[in-house]
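Novice: how would this look folded up:
(one chain, ligands or ions: 1)
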Amino acid sequence: MAESPAKVQKAGGGRSCCVCNERRAALKRPKTLEQICRECFFAVFEEEIHQVIMQNQLFKPGERIAIGASGGKDSTVLACVLSELNRRHNYGLDLFLLSVDEGITGYRDDSLETVKRNEVQYGLPLKIVSYKDLYGWTMDEIVKIIGLKNNCTFCGVFRRQALDRGAALLKVDKLATGHNADDIAETVLLNILRGDIARLSRCTAITTGEDGPIPRCKPFKYTYEKEIVMYAYFKRLDYFSTECIYSPNAYRGFAREFIKDLERIRPRAILDIIKSGESFRISTSTKMPEQGMCERCGYISSQKWCKACVLLEGLNRGLPKLGIGRTRVSDKDQKKDLKQTSGVKSIASKQCGSLDF
Ligand SMILES: Nc1ncnc2c1ncn2[C@@H]1O[C@H](COP(=O)(O)OP(=O)(O)OP(=O)(O)O)[C@@H](O)[C@H]1O
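Specialist: Here you go, the predicted structure:
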């Protein structure tokens, strides 16, 4: 449901809109702090996304595009705006909604109900793929075994692959996700803090995976989260706004809060962090992982087995910590497990909501 954004910055003193100069300003744009009326806000918000799509040639006429639809604000606004722009500018796209059911009772089951309503509201066919069908496990079952600490690693790795598998079933050319400017700035910071050069070098790319099965793109790369919330609120869009019940990601939470603090002082900070991320150049002497194919399932992987197969093997063998970085499994046990598991190296923990798309 369209909830009131935590802090809609109201326009003050009955000023007129800085765009049309006719209507009264209804809000202050978080990105530019301009006083603007509702109608002009919708228009500039949509036009900026259209420009990003055109300048970065995100889509080609005739393409089939899946929108990763979680039922949350970002992907709901993405579905709404993409269908509108597709009509208005004759992109010639065949749009679909693609949802991953992670099997989280009290969270994903409810948000999927929202996506089912969106299917009708936007007239976009919906495909749902589930962890249970793909991997034989729901997140509820995984959490029972692994607890709350590392569950985001399983969820993130499985979701990435599940989206690819769903996209393949839909036979789409590309997958569009609702990652916004705040998400990307946050990921730039996290990759710097972790010294993860490989991810730092690709996390700002608007399109990724062009060498893989299905490229992914982020039409909201420069769109501020606060503006997405305002758009959803003023348009009264039907979205689901509850946080995942298994998401205790404190580290990412600190990065998020830090960026929100910076944004309060200087809204451009978000765009500048993204710009800094884009400007990073990796020295030629830095060794980058080589992309290959998982020997087990054929999915792209820089190791012998992909991350999902390593994690799944651990779950199925009753060694759920197999493949999770920096765990308390003793070195000896882990070495033994990994040896038995065809020499796959331990993977570093990938946090929930991370942008390794
Ligand atoms: N279960 C899912 N099914 C399909 N797509 C998903 C799912 N979870 C995430 N995505 C895609 O990845 C994007 C970023 O996901 P993230 O978990 O960071 O959520 P978010 O920032 O809360 O976005 P949203 O508001 O759309 O839920 C989403 O906008 C969506 O496009």
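
Novice: quick check: Asn151 vs Phe45, distance?
Specialist: Using C-beta to C-beta, to the nearest Å, Asn151 is found at 35 Å from Phe45. Quick note: C-beta positions are derived from backbone N, CA and C, even for glycine.

Novice: what does Arg160 give?
Specialist: Counting by C-beta to C-beta, the gap from Arg160 to Phe45 is 28 Å.

Novice: wait, Asp110 sits on Thr242?
Specialist: Yes. Counting by C-beta atoms under 8 Å, Asp110 touches Thr242, with 7.1 Å between them.

Novice: for the stretch 151-300 of the chain, what lies in contact range of the ligand?
Specialist: 159, 177-179, 183 (C-beta under 6 Å from any ligand atom).

Novice: could you dump the residues you listed to JSON lines with distance to Lys235, pLDDT and secondary structure?
Specialist: Shown next, in JSON lines, are those (distance: C-beta to C-beta, whole Å; pLDDT from 0 to 100; DSSP: H, G, I helix; E, B strand; the rest coil):
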{"residue": "Arg159", "distance to Lys235": "27", "pLDDT": "95", "secondary structure": "helix"}
{"residue": "Thr177", "distance to Lys235": "20", "pLDDT": "98", "secondary structure": "coil"}
{"residue": "Gly178", "distance to Lys235": "15", "pLDDT": "98", "secondary structure": "coil"}
{"residue": "His179", "distance to Lys235": "20", "pLDDT": "97", "secondary structure": "coil"}
{"residue": "Asp183", "distance to Lys235": "21", "pLDDT": "96", "secondary structure": "helix"}
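
Novice: distance between the helix or strand containing Leu163 and the chain's centre?
Specialist: Following DSSP states H and E, one finds Leu163 within helix 151-170. From the chain centre to the centre of helix 151-170 is a distance of 12 Å (C-alpha atoms, centre = their mean, to the nearest Å).

Novice: helices and strands around that helix, which ones?
Specialist: strand 64-68, strand 94-101, strand 126-130, helix 131-135, helix 139-146, strand 174-176, helix 307-316 (3 or more C-beta pairs under 8 Å, 6 or more residues apart in numbering; DSSP states H and E).

Novice: got a list of contacts for the fourth one?
Specialist: When you say that, I think you mean helix 131-135. Helix 131-135 has contacts (C-beta atoms under 8 Å, 6 or more residues apart in numbering) with 100-103, 137-139, 158, 161-162, 165, 308, 312.

Novice: what about that helix, near the ligand?
Specialist: No. Helix 131-135 does not reach the ligand (C-beta under 6 Å from any ligand atom); its nearest approach is 9.6 Å.

Novice: how about that helix: buried residues?
Specialist: Buried positions in helix 131-135, judged by neighbour count with 16 or more other C-beta atoms under 10 Å: 131, 134-135.

Novice: stretch 89-102: end-to-end distance?
Specialist: 35 Å (C-alpha to C-alpha, to the nearest Å).

Novice: now stretch 129-137: average pLDDT?
Specialist: Averaging pLDDT along stretch 129-137 yields 97.

Novice: same thing with stretch 230-248?
Specialist: On average, stretch 230-248 scores 91.

Novice: now stretch 106-126
Specialist: Rounded mean pLDDT across stretch 106-126 is 96.

Novice: can you give me the offset of it from its chain's centre?
Specialist: 17 Å.

Novice: just the CA atoms of that stretch, as PDB, please.
Specialist: C-alpha atoms of stretch 106-126 as PDB (Å, rounded to 0.1, in the frame of the first residue of the first chain):
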ATOM      1  CA  GLY A 106       5.100 -13.800   6.700                       C
ATOM      2  CA  TYR A 107       7.200 -11.800   4.200                       C
ATOM      3  CA  ARG A 108       7.600 -13.100   0.700                       C
ATOM      4  CA  ASP A 109       4.200 -14.800   0.600                       C
ATOM      5  CA  ASP A 110       2.600 -11.400   1.400                       C
ATOM      6  CA  SER A 111       4.700  -9.400  -1.000                       C
ATOM      7  CA  LEU A 112       3.900 -11.900  -3.800                       C
ATOM      8  CA  GLU A 113       0.300 -11.100  -3.300                       C
ATOM      9  CA  THR A 114       1.200  -7.500  -4.100                       C
ATOM     10  CA  VAL A 115       3.000  -8.600  -7.300                       C
ATOM     11  CA  LYS A 116       0.000 -10.600  -8.300                       C
ATOM     12  CA  ARG A 117      -2.100  -7.500  -8.000                       C
ATOM     13  CA  ASN A 118       0.600  -5.500 -10.000                       C
ATOM     14  CA  GLU A 119       0.300  -8.200 -12.700                       C
ATOM     15  CA  VAL A 120      -3.400  -7.100 -13.200                       C
ATOM     16  CA  GLN A 121      -2.800  -3.400 -12.600                       C
ATOM     17  CA  TYR A 122       0.000  -3.000 -15.200                       C
ATOM     18  CA  GLY A 123      -1.200  -5.800 -17.500                       C
ATOM     19  CA  LEU A 124       2.200  -7.500 -17.400                       C
ATOM     20  CA  PRO A 125       2.400 -11.400 -17.300                       C
ATOM     21  CA  LEU A 126       4.000 -12.700 -14.100                       C
END
